[in-house]
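Asker: What follows is a protein structure lacking sequence information:
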């Protein structure tokens, strides 16, 4: 769902698998495009190959955005907040 203003500014969008989408928007500044990358990262329950594939794909999508453009990376990276480090003792050394 996009506002009318966003609909008018939308240049196009690309799906990069089930977890990453990139939308391109016109801006008021000539020659500058806004790229919005929305993602949903796999949780720690996924195997390492699936997580690596996701982050490699995300990096590839982000690297293809021209540096002159405005790029916004947003989404759910499944970060955990809190003090419960149970099961991660070996990583905390």
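Answerer: Sure thing, it's come through. What you see is a predicted model, and the numbers here were worked out from it, not measured in a lab. Residues are numbered from 1 along each chain as shown.
Asker: Might one say that residue 65 is in contact with residue 32?
Answerer: No - using C-beta atoms under 8 Å, residue 65 is not in contact with residue 32; the gap is 11.8 Å. Yep, even glycine has a C-beta here, placed from its N, CA and C like the rest.
Asker: And these two? Which one has more around it.
Answerer: Just comparing residue 65 and residue 32: by other C-beta atoms under 10 Å the higher neighbour count belongs to residue 65, 18 against 12.
Asker: In contact with that one, which residues are there?
Answerer: The neighbourhood of residue 65, defined by C-beta atoms under 8 Å, 6 or more residues apart in numbering, consists of 22, 35, 37, 71.
Asker: My read is that residue 70 contacts residue 36, right?
Answerer: No - in this structure, residue 70 sits apart from residue 36 without contact. The criterion is C-beta under 8 Å, and the distance is 9.1 Å.
Asker: which strands and helices sit next to the longest helix along the chain?
Answerer: Here the longest helix in the chain is taken by residue count, with DSSP state H as the criterion, and it is helix 48-63. Applying 3 or more C-beta pairs under 8 Å, 6 or more residues apart in numbering; DSSP states H and E, we find helix 48-63 packed against strand 20-26, strand 33-40.
Asker: With residue 56 as the reference, name the closest of those.
Answerer: Closest approach to residue 56 among the helices and strands packed on helix 48-63 is made by strand 20-26 (11.0 Å; C-beta to C-beta).
Asker: List of residues touching the closest one?
Answerer: By C-beta under 8 Å, 6+ apart, the surrounding residues in contact with strand 20-26 are 6, 9-16, 33-40, 54, 57-58, 61, 65.
Asker: List the neighbouring strands of that strand plus their orientation.
Answerer: For strand 20-26, sheet partners with direction are given as strand 10-15 (antiparallel), strand 33-40 (antiparallel), following DSSP bridges.
Asker: deepest of these, which one?
Answerer: For the strands paired with strand 20-26, the largest average neighbour count (mean count of other C-beta atoms under 10 Å) is found in strand 33-40, namely a mean of 18.
Asker: orientation of that strand relative to helix 48-63 in degrees?
Answerer: Angular relation of strand 33-40 and helix 48-63 on a 0 to 180 degree scale: 170 degrees, by axes from the mean of the first three to the mean of the last three C-alpha atoms, to 10 degrees.
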